[in-house]
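**Student:** structure, please.
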Amino acid sequence: MIRADPITPDPAVAAEIKAYLRLDGTDEDALISRLAAVALAAGERFTGQMLVARGVTETVAAGADWRRLGAAPVSAITAVTAGLFPPAGTAPMAVAAYAVDIDAEGAGWVRFAAPPTPPRATVRYQAGLAAAWATLPEPVRQGVVRLAAHLFTNRDSAEEGAPPAAIAALWRPWRRTRLQ
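**Tutor:** Coordinates of the predicted model:
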C-alpha cells in the first residue's frame, strides 16, 4: 500500500495558469489552485512518476529478495520501520536489518536481512521528478498548465470534450511504463 503526501501546488503554478488564461484578479484563485492539483495528479498518472517531490509512505512485504518501491523517481529513502503503517514515534529498524538502494533510473529498492514478524515493513521516502515546480522540465510544466486551462475553460460545458492532444505529446517523453 502506498500513501503519498497530498499534492499542494506551488502558488507559481496558479500564476502560470492565470497568465495562460489571461486572467486578472483573484476571483478564480481557489478554483485554479484546485485545477492545478488535478492537472498535476493527471500528469503523474500519465507519466507514471511523481512530478514534484514529496513524501511517500509504503508498506512492503519484508523478505530477503529486493522489493521495488512503487513511486518514482526516488531521491531518498529516509526510514524503514517494522510493521504495517506503525504509529507515529515508532523506532526505525536497525540499519543492519535491511538494505536500501536507488538505481540509475530512480527506482527505490529495499530488502531485509531478518524479516520482522509479521513480515511487513513501512518505508518512508522522497520521490519526484523535480524538487519544485520551477525545476520541472518545461514541457511537463506546459502540459500541466494546458490541462488546467482546458479544465477551467470547459468547466460549465455539457460536452466537455477531450483535453488537447498536445498535452499527451508534451508528457510522453517522461512516461514510464512498468510490467507488474
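
**Student:** mind giving me the domain split of the chain?
**Tutor:** With domains defined by automatic domain parsing, the chain comprises 7-51+133-174, 54-127.

**Student:** among those domains, which comes closest to Met1?
**Tutor:** Across the domains of the chain, Met1 has its closest neighbour in domain 54-127 (4.9 Å, Cβ to Cβ). Any C-beta I mention is one placed from the backbone N, CA and C, and that applies to glycine too.

**Student:** what's the average pLDDT for the closest one?
**Tutor:** Domain 54-127 shows a mean pLDDT of 88.

**Student:** chain center to that domain: distance?
**Tutor:** Centroid separation between domain 54-127 and its chain, computed with Cα atoms, centre = their mean, to the nearest Å, is 17 Å.

**Student:** longest helix anywhere in the protein?
**Tutor:** Criterion DSSP state H: the longest helix present in the chain is helix 29-47.

**Student:** buried sites along that helix?
**Tutor:** By neighbour count on 16 or more other Cβ atoms under 10 Å, the buried set for helix 29-47 is 32-33, 35-44, 46-47.

**Student:** can I get that helix in CSV, CA atoms only?
**Tutor:** In CSV, the C-alpha atoms belonging to helix 29-47 read as follows (Å, rounded to 0.1, in the frame of the first residue of the first chain):
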residue,chain,number,x,y,z
ASP,A,29,-7.8,31.7,-7.5
ALA,A,30,-9.3,28.9,-5.4
LEU,A,31,-10.7,27.1,-8.4
ILE,A,32,-7.4,27.5,-10.4
SER,A,33,-5.5,26.1,-7.4
ARG,A,34,-7.8,23.0,-7.3
LEU,A,35,-7.5,22.5,-11.1
ALA,A,36,-3.7,22.8,-10.8
ALA,A,37,-3.7,19.9,-8.2
VAL,A,38,-6.0,17.9,-10.6
ALA,A,39,-3.7,18.6,-13.5
LEU,A,40,-0.6,17.6,-11.5
ALA,A,41,-2.2,14.4,-10.4
ALA,A,42,-3.2,13.6,-14.0
GLY,A,43,0.3,14.3,-15.1
GLU,A,44,1.6,11.9,-12.5
ARG,A,45,-0.8,9.2,-13.6
PHE,A,46,0.1,9.7,-17.3
THR,A,47,3.9,9.7,-16.8
